[in-house]
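Colleague: Below: sequence and its predicted model.
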Amino acid sequence: MMNVAPAIIVLGQNSVAVARKIISVLPGSTLYGLEGRTSGVDVSFRNFGETLRELFAQGTPLIGICAAGILIRTLAPMLSDKRQEPPVLAVAEDGSAVVPLLGGLGGVNDLARRIAQVLDVKPAITTTGDLRLGTTLLSPPPGYHLANPDDAKKFISDLLAGAQVKLEGTAPWLSDSKLPIDANGDLSIQITERLVTPAPNCLVYHPATIAIAIDGIIDADQTLVLVHQLLADAALTPASIAGIFAPITTAADPAIHAVASALKVPARFFTSNQLENLLSQGYSPVQAIAIAATGASPISSGQRIAIAIAQQPIDPNSIGQARGRLAIIGTGPGSQEWMSGEVKEILKSVTDLVGYKTYLDLIGSLGDGKQRHESDNREEEARAKMALDLAASGRYVAVVSSGDPGIYAMATAVFEVCDRYGKPEWESIDIHVAPGISAMQAAAAAIGAPLGHDFCAISLSDILKPWSAIAQRIAAAAEADFVIAFYNPVSKDRTWQLAEARNILLQHRKPNTPVVLGRNLGRPGQTVKVITLEELAPATADMRTIILVGSTKTRIIKRNNGNVWVYTPRRYTEE
């Protein structure tokens with residue numbers, strides 16, 4: 001089955017709309033577009049062949065919105081083992097055809113059906129077994145594992161030649177198919193959690209019906225040994241483990257996640273409220289967890305570990321909750337070209353977006369399909385609390401800042417709230433800060449290199465700190481001869497602070513000191529201009545402006561076209 005998010009390859013802008021439709025049913029997919037012919041994509045590429053072959057070698061499912069022939073010719077030299085091939089599909093540029101090409105064992109036909117459904121067309125499936133039997137025995141649906149795929153080819157051939165098959169166990173996807181089912185069939189399909197030895201005339205599917213409940217963990221390796229021993233004692237196969245289930249208080253314990261990772265299953269967690277009823281009936285915590293996960297009494301139970309088997313395959317995503325995740329991201333100054341690859345990957349995976357509406361709008365199509373939680377730009381504390389509460393419920397939340405989230409932005413607000421209120425349920429959250437290009441970096445890059453030597457950043461907003469502290473810092477930075485980046489220079493309600501800052505600076509800098517004004521960086525209407533310190537006034541800036549004030553060493557280079565470069569030498573002494 002497909003366990004890696006697909007790459008969607010487009011060669012022209014006309015295909016982007018079709019790609020977006022496909023992404024709506026395949027969240028997490030990455031959109032690759034040919035450089036110079038596409039825009040608004042996640043990754044731009046120059047060489048189609050190299051890009052396609054690299055992704056194929058990595059096992060990434062490929063959806064090419066292009067002619068099938070170009071995909072076939074590009075990948076043909078790499079074809080060797082169909083059991084290792086990722087799904088590869090061709091989709092017509094206008095979305096009128098969906099053709100699965102490779103990856104029958106990786107679920108390509110199921111993938112084709114999902115894509116065809118959203119495009120409202122019929123997939124061009126040509127696999128004989130899939131068409132005649134109504135199912136792909138080599139690629140079972142989620143919740144089932146084929147134990148002996150090497151026996152499947154002859155097994156399917158025998159079925160297509162007229163053999164009949166008996167089912168031992170329950171699996172609706174098989175009983176509802178077109179399989180020639182007969183209680184006296186020469187072939188058999190076994191659906192079981194038990195350890196069995198497969199035979200060539202019997203396909204064995206292990207359903208994901210086993211829940212491993214863990215209440216507290218000391219050592220991941222010891223726990224794994226114990227889990228395997230308990231399964232062996234009960235003659236159960238690890239292939240039927242659906243997940244690791246534990247109390248939410250252990251969600252931050254890396255050992256829990258190490259065990260889940262080693263078993264290649266998700267870890268899910270229960271809150272005390274979800275277990276309260278079972279605990280009141282006299283069950284131990286680990287027994288209560290096992291029952292909550294499966295609806296069945298444990299077949300094996302100790303002080304810390306219990307095993308229970310559900311009657312049907314377990315969908316872990318519908319049980320308990322995942323460990324909550326909170327990413328505090330910086331989108332850069334504005335355009336998506338300045339957004340880091342890490343931030344783009346996070347935005348593809350999150351469930352919820354929290355932030356100021358203007359900043360949420362900046363992420364464009366990367367926000368499609370996400371739950372938006374907009375708030376006023378001044379409501380940082382309430383925004384941080386909301387994000388933490390959402391994450392504590394098991395959501396994957398992105399708090400969106402422009403620029404870098406740790407520079408006068410939401411990273412600090414989140415940690416301030418954690419420190420001030422410290423709600424117990426927040427302890428389980430995985431918090432991650434993803435940096436972005438700051439406004440001062442963007443302004444500096446647009447004009448040259450004014451931050452080429454020592455510099456500092458000062459916010460002129462006196463909402464969260466007194467003006468006396470701001471004035472003291474401006475004077476100290478000016479006396480120390482730092483290049484200074486001024487954030488939040490002017491607002492509708494604050495106009496005098498910038499003039500005061502200029503007056504303080506003029507006590508230490510010459511009136512002709514270069515000053516860079518960068519406004520709407522990376523957004524429509526971007527302007528970057530250079531004035532002198534004596535020209536700096538409230539009317540020259542607003543809250544969308546970043547101001548860089550040069551040191552005594554900052555220089556201007558006049559260019560033949562009338563423009564200028566501004567830089568601060570790395571050598572502080574004159575040569």
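Modeller: Received, thanks.
Colleague: Assign the residue lying closest to Thr552 once chain neighbours are set aside to helix, strand or coil.
Modeller: Spatial nearest neighbour of Thr552, excluding adjacent residues (CB to CB, 6 or more residues apart in numbering): Asp481 at 5.5 Å. Where you see a C-beta, it was placed from the backbone N, CA and C, and this is true even at glycine. Here Asp481 is recorded as coil under DSSP: H, G, I helix; E, B strand; the rest coil.
Colleague: Tell me who's in contact with Asp481.
Modeller: 454, 508, 551-553 (CB atoms under 8 Å, 6 or more residues apart in numbering).
Colleague: Gln321 too?
Modeller: Going by CB under 8 Å, 6+ apart, Gln321 touches 248, 268-271, 393-394.
Colleague: Quick check: beta-bridge partners of it?
Modeller: Residues in a beta bridge with Gln321, per DSSP bridges, are Phe269.
Colleague: May I see the contacts of Gln321 organised as TSV, with neighbour count added?
Modeller: Listed next are the contacts of Gln321 as TSV, based on neighbours: other CB atoms under 10 Å:
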residue	neighbour count
Ile248	24
Arg268	27
Phe269	23
Phe270	23
Thr271	17
Ser393	13
Gly394	21
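Colleague: returning to what we had before: and the furthest pair within the contacts of Asp481?
Modeller: Asp454 and His508 (14.7 Å; CB to CB).
Colleague: ends of stretch 290-305, how far apart?
Modeller: 9 Å (CA to CA, to the nearest Å).
Colleague: can you give me how far it is from the chain middle?
Modeller: 32 Å (CA atoms, centre = their mean, to the nearest Å).
Colleague: I'd like the mean pLDDT over that stretch, please.
Modeller: For stretch 290-305, mean pLDDT is 93.
Colleague: what sits up against that stretch?
Modeller: Residues contacting stretch 290-305 (CB under 8 Å, 6+ apart): 209, 211-217, 223, 226-227, 230, 233-234, 243, 245, 268, 270, 274-275, 278, 283-284, 286-287, 306-311, 314, 319-320.
Colleague: which one of the contacts of Gln321 is nearest Gly324?
Modeller: Checking the contacts of Gln321 one by one against Gly324 (CB to CB), the nearest turns out to be Gly394, at 5.3 Å.
Colleague: Surely the closest one is in contact with Ile319?
Modeller: No: using CB atoms under 8 Å, Gly394 is not in contact with Ile319, being 10.9 Å away.
Colleague: okay if I get the contacts of Gln321 as CSV plus distance to Gln13 and pLDDT?
Modeller: Listed next are the contacts of Gln321 as CSV, based on distance: CB to CB, whole Å; pLDDT from 0 to 100:
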residue, distance to Gln13, pLDDT
Ile248, 46, 95
Arg268, 42, 97
Phe269, 44, 96
Phe270, 48, 96
Thr271, 47, 94
Ser393, 39, 94
Gly394, 38, 95
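Colleague: what's in contact with the host helix or strand of Arg73?
Modeller: In the assignment (DSSP states H and E), Arg73 maps to helix 68-75. Residues outside helix 68-75 that contact it (CB under 8 Å, 6+ apart): 48-49, 52-53, 56, 62, 64, 88, 90, 99, 101-102.
Colleague: Ala152: neighbouring residues, count only.
Modeller: Ala152 has 18 neighbours, counted by other CB atoms under 10 Å.
Colleague: Now it: which helix or strand?
Modeller: Ala152 belongs to helix 152-160, assigned by DSSP H and E.
Colleague: And the average pLDDT for that helix is what?
Modeller: Mean predicted lDDT for helix 152-160 stands at 84.
Colleague: Past that helix, which element shows up next along the chain?
Modeller: In the C-terminal direction, the helix or strand that comes right after helix 152-160 (DSSP H and E) is strand 165-168.
Colleague: Need the CA coordinates for the helix holding Ala152. PDB is fine.
Modeller: Output of helix 152-160 as PDB, limited to C-alpha atoms (Å, rounded to 0.1, in the frame of the first residue of the first chain):
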ATOM      1  CA  ALA A 152       0.100 -14.500  -4.900                       C
ATOM      2  CA  LYS A 153       1.100 -14.500  -8.600                       C
ATOM      3  CA  LYS A 154       0.300 -18.200  -9.200                       C
ATOM      4  CA  PHE A 155      -2.700 -18.000  -6.800                       C
ATOM      5  CA  ILE A 156      -4.200 -15.300  -9.000                       C
ATOM      6  CA  SER A 157      -3.400 -17.100 -12.200                       C
ATOM      7  CA  ASP A 158      -5.200 -20.200 -10.900                       C
ATOM      8  CA  LEU A 159      -8.200 -18.100 -10.000                       C
ATOM      9  CA  LEU A 160      -8.300 -16.600 -13.500                       C
END
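Colleague: Show me what it is packed against.
Modeller: helix 128-133, strand 187-191 (3 or more CB pairs under 8 Å, 6 or more residues apart in numbering; DSSP states H and E).
Colleague: Starting from the shortest one, tell me which strands it pairs with and how they run.
Modeller: In other words, strand 187-191. Here strand 187-191 is paired, per DSSP bridges, with strand 165-168 (parallel), strand 202-207 (parallel).
Colleague: just how off-centre is that strand within its chain?
Modeller: Distance of strand 187-191 from the chain centroid (CA atoms, centre = their mean) equals 39 Å.
Colleague: ok so, going back, lowest-confidence stretch among the helices and strands packed on helix 152-160?
Modeller: Among the helices and strands packed on helix 152-160, helix 128-133 scores lowest, at a mean of 63.
Colleague: lowest-confidence helix or strand of the chain?
Modeller: Lowest on mean pLDDT, DSSP states H and E among the helices and strands of the chain sits helix 128-133, with a mean of 63.
Colleague: Partner strands of the helix or strand just after that helix, with direction?
Modeller: Using DSSP H and E, the helix or strand that follows helix 128-133 in sequence is strand 144-146. Strand 144-146 pairs in its sheet with strand 202-207 (antiparallel), by DSSP bridges.
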